[in-house]
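*Asks:* let me see the structure of the following:
(chains A and B)
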Amino acid sequence: MPPRAKSPPPIAPAISAFFAARGWEPFPFQREVWAAQRDGKSGLIHAPTGFGKTYAAFCGLVAADYLPFKGRAGVGMGFVPHSEEPHPPPTSPLKGEEKRAPPLTILWITPLKALAGDSYLSIKEAAAAMRPDWTVGIRTGDTSSAERARQDKRLPTVLLTTPESLALLLNKADWRDRVSALRAVVVDEWHELLGSKRGVLLELCLARLRNAKKPSADPLMTWGMSATLGNLDEAMRVLIGPDAAMPVGNTARQGGGVLISANIKKDIVIDSLIPDTIERFPWAGHLGTQMVKRVVEKIGEAKSTLIFTNTRSQTELWYQALLDAAPELAGQIALHHGSLDKATRDFVEDGIRSGLLRAVVCTSSLDLGVDFRPVEQVLQIGSPKGIARLLQRAGRSGHQPGAKSRVTVVPTHALELVEAAAARKAAMDGRIETRRPLGQLGGAGPARGAWRALDVLSQHLVSCALGGGFDADELRAEVETSASFINLTDEEWQWTLDFVTKGGASLSAYPDFHKVTFDAETKRYVVADRKIAQRHRTNIGTIVSEASISVQFQGGARLGHVEEDFVARLNPGDAFIFAGRVVEFIRVREMTAYVKRATKKRNLVPRWAGGKMPLTTQLADATRALIAEAKNGIYSTPETQCCKPIFELQHRISAVPDEKRWLIETYKDREGWHLFFFPFEGRLVHLGLATLFSYRLAKDEAKTFSISMNDYGFELVSPTEQTLTKETLHQLLDTRNVEADILHGLNAAELAKRQFREIARVAGLIDQGYPGANKSNKQLQMSSGLLFDVFTNYDSANLLLKQAVREVMERQLEATRLQAALLRLRASEVLLKHCERYTPFSFPLMVERLREKLSTEQIEDRVARMVAEIEGEATTSFDLPRKRKT
DNA sequence: GACCTGCTGCGGTTTG
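*Replies:* As a prediction, this is how the structure comes out:
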């Protein structure tokens, strides 16, 4: 008989003692969490950070595992178990060894490696106090090979990992044995994964884990933790899978999910830095550096400040601007963004934690992750773009129960003041954005135009073939239990299976694409080729980044990375600002740009091609509502009050729209006929509308339009006469054939081709190369472009091609939102104004368009002239975005 | 000497 492990201490007192020893309040909804976990249910916990969600979830699971499944009434913190009879301590399957830790019992998934490390410390501490027999470990890409080897022998009782590392774990042939004792999966920051392909990948892995449970075993619990979302119930359903469809209360096995939404009152203060005189405040621009003095003052008011910006280059510029304005801050401020070297970022993060740094200028790289207690205030430079986003950032300050979170929006142009006020109103009313699962549009459930991420499914099929092989029917049934693949059609399933086995219709001649083979003996799909297996494992995951070049001091430290295109335009001797310093470019060798400290003046800042986030629907709605107030002479916020002169001018020379009326301005000058439309629907929808309108206007007679857009509206300019009547407008707003017309108007093939790169990568059509030896962007784009052409010509039914078009429609044009916008505009009255000059609303659109076309000198002249024209009505300066001279 | 537009995230190995 194998020796029995030492009995763990009674659990309830251990949990109570753990909390008591630290003087912690229990998590306010702890009873609910634990009661659900005791009954083997799954669920989602939503509460502000700093209230002990992690401990609540973990301790409950510890107790749930410890006590027998039936007949428990509760544990710890005032709960008393019905039965004092604990589970028999786990015994080792390996003979002759003493005191083996229990096998993998809890899987803890985080979207960030850093978060895994952070939670590890908390969990390790809690486990040590309650279950000294448990082991806790981390497995991410950073895990050492020694630790990997240890884990490969035997996984720890609690394993913290990422979705990608979990997928890799399921690639191992014996994964089922390793998870046979698994009781619960916890997904931290689930909202970060939901709505992306990473989330889809995780859904598939969770379906695997659930399905691997023997019917006789206790069910696998899934617990998620999420920030505030407008659709928490949907987020929970997607996470916990088919459990959610079950009625609550029959048996523990069938219990539906438990949504624990802790409406803990968290004080959040949102305000704006109001410019001294709005008359001198820009109408356009994005940089906002004219507020630098005010920001320096703000920094002085708090012990520690996070300054969020919207782009990486803006971070670099603001860091320099702050140092220029307040040289005494040198050494007390730092910057942080995703293209900086990890060592620098770690250094900065430590500086915030220890309170050494006064202020850090950052991008959303600091939105999430480790807790920064010393942070007292948050500044947001420029539009926050969304309410949830602003709240997330506000939450980085006042990071403990009872403390106030505060964020101050620093506007970069006048209308951003209105956005800030709108965001505050919406936040106070609890109007928070939803995050829809990928491919699911409109209301709940698969809607018209819904699409499925078959690239992720393809990757998953190969993983399953590697992870012990699969039976097609069984796997299909399992896949369909994940929310993303509910109602998967026969065609989609068969196509994907063909794709991984034969490479689809056009690649059947190439054995490299026959990844999965059918093994007649075992009657299972497997991966027979070792090379294919290895290549698959090195390419797992759904994140596709732009290829980049590292920047490194010659013979010294790495600074971070910039994009190929930027480096391609540099000549040796050129200086640029990067990582908060001025460096001089020397040369490129093997995907590394070598630099040295620059003696000359800086003149360049790298630009990165990142996402162009539009104003969210909720924030756009709230902004329109405040503008409508202004139209009626109501200025209920300090921000709109400040903007009063601008609204009055807009009203005088054009009109101010409201909820029932939308504004179109026309204007004619030497350049041609200008049409300005102001739906206030966010820039992506505006791109779609601009494309749609220009296509429809040009359908009958050949015409060309220049287009520009921002989050408030868009402009069409025609060199030939273009007038607009209410009749033509009616035709423009026709909701029929919208997608077809947009696809005609856009170079859709080109867009889809670009989008296809990501799909080809995720589906395993192209390799990224080994980490550290990544292929260049051009290589990737070339091979994915080649495949795109091959499919288009020889395999037009390829479902990945169709997915590429859907992704362009939904991600780049927000087609669903566009349809809704059309309906709204059709139902509204139009205010059609012919204007004699540019207005506060149209001015930014004009600047936006000129920026694309004109050189710096030309644009300066033009803008100066335009400002002069407006002068007298209201004077304004402008913060003009400039084209870089290269 | 002006003045700068677009976020984040992960991942492999081992046969001497």
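*Asks:* so what's the residue count around the nearest residue to residue A:211 once chain neighbours are set aside?
*Replies:* Computed as CB to CB, 6 or more residues apart in numbering, the closest residue to residue A:211 that is not its neighbour in sequence is residue A:478, at 4.5 Å. C-beta coordinates here come from the backbone N, C-alpha and C atoms, glycine included. Residue A:478 sits with 19 neighbouring residues when counted by other CB atoms under 10 Å.
*Asks:* now residue A:706
*Replies:* Neighbouring residues of residue A:706 were enumerated by other CB under 10 Å; the total is 18.
*Asks:* thinking again about what came up before, ok, then the element right after whichever helix or strand the residue nearest to residue A:211 is part of?
*Replies:* Following DSSP states H and E, one finds residue A:478 within helix A:472-479. Once helix A:472-479 ends, the next helix or strand along the chain (criterion: DSSP H and E) is helix A:490-502.
*Asks:* for DNA strand B, what are the nearby residues on the stretch 351-500 of chain A?
*Replies:* Residues of the stretch 351-500 of chain A found near DNA strand B, taking CB under 7 Å from any atom of the strand as the criterion, are A:363-365, A:367, A:385.
*Asks:* if you look at those residues, which of them are in helices?
*Replies:* Of the positions in these, not one sits in helices, assigned by DSSP state H.
*Asks:* so which of the residues you listed is the closest to residue A:659?
*Replies:* The closest of these to residue A:659 turns out to be residue A:385 (CB to CB; 21.7 Å).
*Asks:* name the helix or strand for residue A:585, please.
*Replies:* Using DSSP H and E, residue A:585 falls within strand A:581-589.
*Asks:* convert the helix or strand encompassing residue A:390 to PDB, retaining C-alpha atoms only.
*Replies:* Following DSSP H and E, the helix or strand that holds residue A:390 is helix A:387-394. Backbone C-alpha positions of helix A:387-394 (Å, rounded to 0.1, in the frame of the first residue of the first chain) are rendered in PDB as follows:
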ATOM      1  CA  ILE A 387     -16.000  54.800 -21.400                       C
ATOM      2  CA  ALA A 388     -14.700  51.500 -20.200                       C
ATOM      3  CA  ARG A 389     -11.200  52.500 -21.300                       C
ATOM      4  CA  LEU A 390     -11.300  55.700 -19.300                       C
ATOM      5  CA  LEU A 391     -12.600  53.800 -16.200                       C
ATOM      6  CA  GLN A 392      -9.900  51.200 -16.600                       C
ATOM      7  CA  ARG A 393      -7.300  53.900 -16.600                       C
ATOM      8  CA  ALA A 394      -8.900  55.800 -13.800                       C
END
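*Asks:* in the stretch 601-750 of chain A, where is pLDDT below threshold?
*Replies:* Low-confidence segments of the stretch 601-750 of chain A, defined by pLDDT under 70, span residues A:601-603.
*Asks:* let's see it at 80
*Replies:* Screening the stretch 601-750 of chain A residue by residue with the criterion pLDDT under 80, one finds the ranges A:601-603, A:700-701, A:747-748.
*Asks:* picking up where we left off before, quick one: average pLDDT of the helix holding residue A:478?
*Replies:* Mean pLDDT, computed over helix A:472-479, is 96.
*Asks:* which residues sit against it?
*Replies:* With CB atoms under 8 Å, 6 or more residues apart in numbering as the contact definition, helix A:472-479 has outside contacts at A:204, A:207-208, A:211, A:457, A:460-461, A:464, A:485, A:488, A:493, A:497, A:525.
*Asks:* which of those lies closest to residue A:31?
*Replies:* The shortest approach to residue A:31 among those belongs to residue A:207, at 30.2 Å (CB to CB).
*Asks:* for residue A:410, give me its contacts.
*Replies:* By CB under 8 Å, 6+ apart, the neighbours of residue A:410 are A:272-273, A:288, A:291, A:294-295, A:379-382.
*Asks:* report the beta-bridge partners for it.
*Replies:* Taking DSSP bridges as the rule, residue A:410 bridges to residue A:381.
*Asks:* so where do the helices sit in the stretch 451-600 of chain A?
*Replies:* Counting by DSSP state H, counting those that start in this stretch, residue ranges of the helices within the stretch 451-600 of chain A are A:454-466, A:472-479, A:490-502, A:530-538, A:564-568.
*Asks:* so which of those helices gets nearest residue A:413?
*Replies:* Ranking the helices of the stretch 451-600 of chain A by their distance to residue A:413 (criterion: CB to CB) puts helix A:564-568 first, at 26.3 Å.
*Asks:* quick one: distance of that closest one to the chain centre.
*Replies:* Using CA atoms, centre = their mean, to the nearest Å, we find the averaged C-alpha position of helix A:564-568 to lie 26 Å away from the chain's own average C-alpha position.
*Asks:* and that helix with DNA strand B, contact?
*Replies:* No - residues of helix A:564-568 contacting DNA strand B under CB under 7 Å from any atom of the strand: none, with a closest distance of 8.9 Å.
*Asks:* end-to-end on stretch A:570-586?
*Replies:* In stretch A:570-586, first residue to last residue: 9 Å (CA to CA, to the nearest Å).
*Asks:* could you list the buried residues of that stretch?
*Replies:* A:570, A:574-586 (16 or more other CB atoms under 10 Å).
*Asks:* can you redo these as JSON lines with pLDDT?
*Replies:* Output for these, formatted as JSON lines (pLDDT from 0 to 100):
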{"residue": "A:570", "pLDDT": "87"}
{"residue": "A:574", "pLDDT": "88"}
{"residue": "A:575", "pLDDT": "88"}
{"residue": "A:576", "pLDDT": "91"}
{"residue": "A:577", "pLDDT": "90"}
{"residue": "A:578", "pLDDT": "92"}
{"residue": "A:579", "pLDDT": "91"}
{"residue": "A:580", "pLDDT": "90"}
{"residue": "A:581", "pLDDT": "88"}
{"residue": "A:582", "pLDDT": "89"}
{"residue": "A:583", "pLDDT": "90"}
{"residue": "A:584", "pLDDT": "90"}
{"residue": "A:585", "pLDDT": "91"}
{"residue": "A:586", "pLDDT": "91"}
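*Asks:* turn those into JSON lines, including distance to DNA strand B.
*Replies:* JSON lines is the format used below for the buried residues of stretch A:570-586 (distance: CB to the nearest atom of the strand, whole Å):
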{"residue": "A:570", "distance to DNA strand B": "14"}
{"residue": "A:574", "distance to DNA strand B": "12"}
{"residue": "A:575", "distance to DNA strand B": "10"}
{"residue": "A:576", "distance to DNA strand B": "9"}
{"residue": "A:577", "distance to DNA strand B": "7"}
{"residue": "A:578", "distance to DNA strand B": "12"}
{"residue": "A:579", "distance to DNA strand B": "12"}
{"residue": "A:580", "distance to DNA strand B": "13"}
{"residue": "A:581", "distance to DNA strand B": "14"}
{"residue": "A:582", "distance to DNA strand B": "11"}
{"residue": "A:583", "distance to DNA strand B": "14"}
{"residue": "A:584", "distance to DNA strand B": "14"}
{"residue": "A:585", "distance to DNA strand B": "15"}
{"residue": "A:586", "distance to DNA strand B": "21"}
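*Asks:* among the contacts of residue A:410, which ones are in strands?
*Replies:* Residues from the contacts of residue A:410 lying in strands, with DSSP state E as the criterion: A:272, A:379-381.
*Asks:* where does the stretch 501-650 of chain A get nearest to DNA strand B, residue-wise?
*Replies:* Using CB to the nearest atom of the strand, the closest approach of the stretch 501-650 of chain A to DNA strand B is made by residue A:610 at 1.4 Å.
*Asks:* pull up the gap between that residue and residue A:45, please.
*Replies:* Using CB to CB, to the nearest Å, we find residue A:610 at a distance of 31 Å from residue A:45.
*Asks:* name the residue in these two with the higher neighbour count.
*Replies:* The residue with more neighbours, out of residue A:610 and residue A:45 and counting by other CB under 10 Å, is residue A:45; that gives 28 against 15.
*Asks:* tell me, what residue is most central in chain A?
*Replies:* Nearest to the mean C-alpha position of chain A, counting by CA atoms, centre = their mean, stands residue A:192 at 6.0 Å.
*Asks:* brilliant, that's me finished.
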